[in-house]
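Student: quick one: sequence plus predicted model below, questions after.
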Protein chains: 2
Amino acid sequence: MVDASVSTRGRRPDAAPSGDGLVPQRDAGRTRTEILDIATREFADRGYNGARVDEIATKTRTTKRMIYYYFGSKEQLYIAVLERVYLQIRTAEQTLDVDGLDPVDAIRRIAELTFDHHQSHPDFIRLVSIENINRAEHMAKSPTFPGQNASVVSLIEQILARGREQGRFARQVDALDVHMLISSYCVFRVANRHTFNTIFGRDLADPALRDRYRAMLGDLVVAYLTELDDDP
Amino acid sequence: MVDASVSTRGRRPDAAPSGDGLVPQRDAGRTRTEILDIATREFADRGYNGARVDEIATKTRTTKRMIYYYFGSKEQLYIAVLERVYLQIRTAEQTLDVDGLDPVDAIRRIAELTFDHHQSHPDFIRLVSIENINRAEHMAKSPTFPGQNASVVSLIEQILARGREQGRFARQVDALDVHMLISSYCVFRVANRHTFNTIFGRDLADPALRDRYRAMLGDLVVAYLTELDDDP
DNA sequence: GTGCCAATGTACGATCTAGTTAGTTACTTA
DNA sequence: TAAGTAACTAACTAGATCGTACATTGGCAC
C-alpha cells in the first residue's frame, strides 16, 4: 500500500509544470484528493455497505485500480474519508474566539457554531451516523480519533468556570455534558430529518426554520445553565 | 453426483417426531413471528444493506424460502420489522397517564418515558438511524407511518396549555418542538454512543450514568419551559 | 535520449447474495 | 379416509461486487 503523503518522491515540488504550462497528466496528490472527494459523497450517500467501489471509480476521472493503489481497500478509503471530515469540524472549532465575550454570549456562540456547521455539513452527520451503525469499528482502526476533540470541551469548561465566578451560571454542570447536549440537538435535526418529517410532517432542516431552531438552542442552553434547581 | 430418483428435495432433514400433538410442526403465525424476531436483530445489527437474507434464514429454524413465502422480499421484510418496532413505542406512549399531575411533573414524566424506552430499546434506535441513512425511503412505502405518532405531541400540547394557564410555563413554545428536544437528547445518547465514546472516552449509555442523564433531561426541559426570555 | 519507476489502464476471477424453481408433506375438513 | 392446500425444503441461477494480475506510459534524473 502506498501512502501518498510520502509518495512525492520524483515529483516536481509544487512549482510550475514542465515549462509548457499545461496541467500534468499524472499527479498523485490531485488524483488522491479527487478519489477522497467522490468517496466522501458516495459513502455519506449510501453508507459503508451501500457504497460501491466501482461506482466511486466511475465518478472519478481515474479507475478503480487507483483506489486500491492509493488506499489499499474499501475500508481504508472509508477511514481516510472519516479522518478528513472530522478534521474539518476540529478546524472550524479552532476558529472560535470567545475570550472577550460575556459567558452567556460565549456559550451561545459555541452552540451556534455547532449548529451552523452541522446544518451546512450533512455529509459529516451522515458519516457519523453510519459509523455508529458500525459501532465505530472502522474509526477504532485509525489512531487519529481518540481524545482528539477535547479542545471544544475545555473551551466550554473555561466558559462555565467564568460564568460561575460571575454568578451568571447557577447550575453545577459538567462541560462534556453541555457539549453532548448541544451536539444532540444539532445532530438530531440533520440526522433524523427524514423519519421525523415522514411521521410528523415537519422538515427540521428546512432553511426557513433555521433561525427559529438556532435561537431555540441558545435559549435552551442558557436557560439550563442559569436556572436554579427548583426543588421545594 | 445426484441420483434424481432419490432426490432429497423438500424433505425435512431431521425428520422430527410427528403427531405428538404438543407443538404442531407447522404454524404460520409462529414461523412468521420467528422470522420477524431474527430479522429485527439482524437489520438492527448490520443495517439494511449489511444484513443478509441467508443469515437471517440460517438463524431461524426455517429456511430462506419461507422469508420470501411470507414477506416477498428483503425490503418488505425490513418494512415489517420497522412497522413492528414503531408500534412498540406508540403502545408504550399510550400507557402514559398524566391527567392528575402538575404540568411540571407531567412533562418530566413524558421525557422520562422516552428516555427509558430508548435506553432499553437500542434496536429501535438503530433501526431509526438506518432508516434515516436511507432517507426514510423504505418507510415511505408503508402506509403505516405518516402522522401516526401525533398522540404524544397532542399530549404535550395539553400539558403546555395547562402549564401556561397556571403560570408555570413562562415561555411560548410549540409542542412538536418540545417533543423534538426530548427525542434528540434521548436518541443521541444511544445512537451516537460509539463515536462519542471513542472520541471523548465516555459511554453515554452506561447504566451507571443513567440516573444522572435522566435527571439532566428533566431539569433541562423544565428550565427551558419555565425560564423567562432574558432579553433586556 | 535513455533508463527507471511512479502512476495509470484493462480485463478478469472468486465469491457472495437476492431471489427462484421444483418438489415434498403435515394438517384440515368434508 | 381421501383429497386439497397451506406450509415447508433443497438446490440452483443471474448478476453484482471486491479485489487483482498484468500491461502500459508519462515524466524526472542523469
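Tutor: Okay, I see it. Numbering: from 1, shown residues only, chains lettered A, B, ... in the order given.
Student: so residue A:189 versus chain B, what's the distance?
Tutor: Residue A:189 sits 7 Å away from chain B, going by C-beta to the nearest C-beta, to the nearest Å. Glycine gets a C-beta too; all of them are placed from N, C-alpha and C.
Student: hang on, that residue packs against residue A:216?
Tutor: No - Residue A:189 is beyond contact range of residue A:216, at 10.3 Å (criterion: C-beta atoms under 8 Å).
Student: which one's more surrounded, the two?
Tutor: residue A:189 (25 against 20; other C-beta atoms under 10 Å in any protein chain shown).
Student: in terms of helices and strands, where is the closest residue to that one other than its chain neighbours?
Tutor: Excluding its sequence neighbours, the residue lying closest to residue A:189 (C-beta to C-beta, 6 or more residues apart in numbering or on different chains) is residue A:204, at 4.4 Å. Of the helices and strands defined by DSSP states H and E, none includes residue A:204.
Student: contacting residues around residue A:204?
Tutor: A:188-190, A:192-193, A:196-197, A:213, B:180 (C-beta atoms under 8 Å, 6 or more residues apart in numbering or on different chains).
Student: go on, residue A:67?
Tutor: Residue A:67 touches A:35, A:39, A:53, A:56-57, A:60, A:74, A:77, counting by C-beta under 8 Å, 6+ apart.
Student: what does residue A:131 give?
Tutor: Per C-beta under 8 Å, 6+ apart, neighbours of residue A:131: A:82, A:138-139, B:194-195.
Student: how far is the host helix or strand of it from where the chain is centred?
Tutor: In the assignment (DSSP H and E), residue A:131 maps to helix A:122-133. Computed by C-alpha atoms, centre = their mean, to the nearest Å, the chain-centroid distance of helix A:122-133 equals 9 Å.
Student: any buried residues in that helix, and which?
Tutor: Neighbour-count burial for helix A:122-133, counted by 16 or more other C-beta atoms under 10 Å in any protein chain shown, picks out A:123-133.
Student: other residues contacting whichever helix or strand comes after that helix?
Tutor: Next helix or strand after helix A:122-133 toward the C-terminus (DSSP H and E): helix A:150-165. The contact list for helix A:150-165 (C-beta under 8 Å, 6+ apart) reads A:90, A:93-94, A:96, A:98, A:103-104, A:106-107, A:110, A:169, A:172-173, A:175-176, A:178-179, A:225, B:200.
Student: same question for stretch A:205-222.
Tutor: Residues outside stretch A:205-222 that contact it (C-beta under 8 Å, 6+ apart) are A:104, A:107-108, A:111-112, A:115-116, A:119, A:122, A:178, A:181-182, A:185-186, A:189-190, A:193, A:202-204, B:171, B:177, B:181, B:220, B:224, B:227, B:229-230.
Student: give me the ChimeraX select line for the residues you listed, limited to the buried ones.
Tutor: Those of these that count as buried under 16+ other C-beta under 10 Å are selected in ChimeraX with:
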select /A:104,107,108,111,112,115,119,178,181,182,185,186,189,190,193,204 /B:171,177,181,220,224,227
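Student: who's in contact with the residue lying closest to residue A:186 once chain neighbours are set aside?
Tutor: Once flanking residues are discounted, residue A:186 sits nearest to residue A:118: 4.3 Å by C-beta to C-beta, 6+ apart. By C-beta under 8 Å, 6+ apart, residue A:118 lies in contact with A:124-125, A:186-187, A:189-190.
Student: and residue A:118, what element?
Tutor: helix A:103-120.
Student: now the angle from that helix to helix A:122-133?
Tutor: Interaxial angle of helix A:103-120 relative to helix A:122-133 (axes from the mean of the first three to the mean of the last three C-alpha atoms, to 10 degrees): 90 degrees.
Student: thanks a lot, see you next time.
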